[in-house]
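Undergrad: I would like the atomic coordinates for the input below:
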Amino acid sequence: MKAEIQKKLCEIERKENCRILLAVESGSRAWGFASPDSDYDVRFIYVRPREYYLKLEKSRDVLEYPIHDLLDINGWDLNKTLRLLHKSNPTVFEWFSSPIIYQTSPFASRFKSLMQEYFSSKNSLWHYISMAENNNREYLHGDRVKAKKYFYVLRPVLACRWILEKGTPPPMLFTELMDSQLDGRLRVIVEDLLEMKIHAPEVQQIDRIDSLNRYLDTSIADIKQRIAVLPAEAPRDWAKLDALFLSELG
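TA: Sure, this is the predicted structure:
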């Protein structure tokens, strides 16, 4: 599948007249809890020739391709990526810390070297807790729930706890978050659930796990209270991002 993905990336470069700077896996495979039938969620950063950015006409800054044969692939223009980094968008941090890399370039190293300067704990916490709260409300309150949906609440909750403790972007791998942040009394339950998730189809349903639901409900409320009293953070400078953008345009 990796060879197929890399072939598709080359086709995109030719078709779109762009250069892919980084391409990674971003979904459950990168998080470490893919099911046997999980899609491949490929995400990439690309840059076009300089003239493309000097037009008066506004242009799209994303490339999206429909899911085909388990392959979900889309990308962001470099200028969109840098603007989102300035806002400390957590998705940017996740893409650049993915353990599964399909294509890279010297740009990725330069980007990573300044990425931490733009990390905002408060912005990231609101992103993850909103994700946890929405998924929890929508998927985890029936008598029967999809096993995979627990991880779409657990992961952002544990990511928040990581940020509150360490003040750094959370790791991609769920097991690393679990080992660092999950209470020992729940560890066995979640490890069993993880084993089921990895070996069962995406649609696998289980009985609601009340002890885990109580932990998630309590954690979400606690984290929201802690975020609310965090001080405002100073805005970041644009200069280094402008310089990186211009250097990639050559």
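
Undergrad: going forward, measure contacts and count neighbours with C-alpha atoms only.
TA: Will do.

Undergrad: mind checking which helix or strand of the protein has the lowest mean pLDDT?
TA: Every helix and strand of the chain was ranked by mean pLDDT, DSSP states H and E. The lowest is strand 62-68, at a mean of 88.

Undergrad: Please report the distance of Ala232 from Ile198.
TA: Distance, Ala232 to Ile198, by C-alpha to C-alpha, to the nearest Å: 40 Å.

Undergrad: scratch that, Phe119 is what I was asking about
TA: 31 Å.

Undergrad: do the same with Asn136
TA: Applying C-alpha to C-alpha, the value for Asn136 to Ile198 is 21 Å.

Undergrad: List the contacts of the residue lying farthest from the centre of the chain.
TA: Distance from the centre of the chain peaks at Leu56, with 32.2 Å (C-alpha atoms, centre = their mean). Contacts of Leu56 were listed using C-alpha atoms under 8 Å, 6 or more residues apart in numbering, and none were found.

Undergrad: Mind listing the strands the least confident helix or strand of the chain pairs with, and their directions?
TA: With DSSP bridges as the test, strand 62-68 is paired with strand 71-77 (antiparallel).

Undergrad: returning to that earlier point: pretty sure the residue farthest from the centre of the chain is in a helix, no?
TA: No. In this structure, Leu56 is coil, not part of a helix, as judged by DSSP: H, G, I helix; E, B strand; the rest coil.

Undergrad: Next, it: phi, psi?
TA: Dihedral pair for Leu56: phi -80, psi -30, per degrees, to the nearest 10.

Undergrad: pLDDT at it, what is it?
TA: At Leu56, the pLDDT value in this model is 90.

Undergrad: Okay, it and Asn134: tell me how far apart.
TA: For Leu56, the distance to Asn134 - C-alpha to C-alpha - is 39 Å.

Undergrad: Helices along the chain, start to end?
TA: 2-16, 28-31, 78-86, 90-95, 106-115, 121-139, 147-166, 174-181, 184-199, 210-228, 239-249 (DSSP state H).

Undergrad: Tabulate those (TSV), appending distance to Leu71, mean pLDDT and mean neighbour count.
TA: Output for the helices of the chain, formatted as TSV (distance: least, C-alpha to C-alpha, whole Å; pLDDT from 0 to 100; neighbours: other C-alpha atoms under 10 Å):
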stretch	distance to Leu71	mean pLDDT	mean neighbour count
helix 2-16	8	96	13
helix 28-31	12	94	21
helix 78-86	22	98	19
helix 90-95	17	97	19
helix 106-115	23	95	13
helix 121-139	23	97	18
helix 147-166	19	96	21
helix 174-181	22	96	17
helix 184-199	19	90	15
helix 210-228	31	97	14
helix 239-249	28	96	13
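
Undergrad: So which of those helices is nearest Leu22?
TA: helix 106-115 (6.5 Å; C-alpha to C-alpha).

Undergrad: which outside residues touch that closest one?
TA: Helix 106-115 is contacted by residues Leu21, Leu22, Leu85, Phe93, Phe96, Leu244, Glu248 when judged by C-alpha under 8 Å, 6+ apart.

Undergrad: Same list (the residues you listed) but as a markdown table, adding distance to Trp162.
TA: Output for the contacts of helix 106-115, formatted as a markdown table (distance: C-alpha to C-alpha, whole Å):
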| residue | distance to Trp162 |
| --- | --- |
| Leu21 | 29 |
| Leu22 | 26 |
| Leu85 | 20 |
| Phe93 | 14 |
| Phe96 | 18 |
| Leu244 | 29 |
| Glu248 | 33 |
